[in-house]
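Asker: what would the 3D arrangement of this be:
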Amino acid sequence: MSEAIHSPGHFLAGIAALLRNRVGEYLLMKRAADRDFNSEVWECVTGRVNQGEGFEEALHREVMEETGLRVRVDILIGLSHFYRGERDPENELQGVIFGCSIVGDETAHRSPEHTGHQWVSAQRALEFLTATDSGTLWLRQTIERSEVLYSMLPEGWADVSAAGVTLLPDTA
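Answerer: From the prediction side, this is the model:
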């Protein structure tokens, strides 16, 4: 085996937050035409993790920046690995996909990163998201996976998951 396989990687870290309101609808947002990757594609909240920031901290920051909403992590939907453009280490991104509920007001606001947004049921989202680009296919699969996971949650799960998933260091 090559030594490079065992060397630490250099890549971007990111989050995706699939937001779900109280009636079970998902927030879809259309990326602006001037975005450097997946322009004019419908997506959920996405963003990069900054140096020194954890995944959950990045999640809350990105959701607030892109929608003005406060959220609670409900589930981990999955992990992602892809290239933002050419297959080059500078474009490589490892990500965590979170399923989130809104805390408080459910009025979403748009940042300049997006030109449209809508709350839709899972069924409507799957009927609406028919483009064959990789971003749209990923969002369809994410919604499908989310629906299965939400349907399997035991009663009381919201209370268990409310603290998040990040292990905090001992402060003693």
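Asker: which residue ranges of the chain form strands?
Answerer: 12-20, 26-31, 42-43, 45-48, 70-83, 92-103, 114-120 (DSSP state E).
Asker: so which of those strands comes closest to Ile143?
Answerer: Checking those against Ile143 by CB to CB gives strand 26-31 as the closest, at 6.0 Å. Just so you know, the C-beta spots here come from the backbone N, C-alpha and C atoms, and that holds for glycine as well.
Asker: show me what the closest one is packed against.
Answerer: strand 12-20, strand 42-43, helix 55-67, strand 114-120, helix 122-128, helix 134-152 (3 or more CB pairs under 8 Å, 6 or more residues apart in numbering; DSSP states H and E).
Asker: quick one: closest of the strands of the chain to Ser161.
Answerer: strand 70-83 (5.7 Å).
Asker: pipe the strands of the chain into TSV and attach mean neighbour count per row.
Answerer: Shown next, in TSV, are these (neighbours: other CB atoms under 10 Å):
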stretch	mean neighbour count
strand 12-20	22
strand 26-31	22
strand 42-43	22
strand 45-48	20
strand 70-83	16
strand 92-103	20
strand 114-120	16
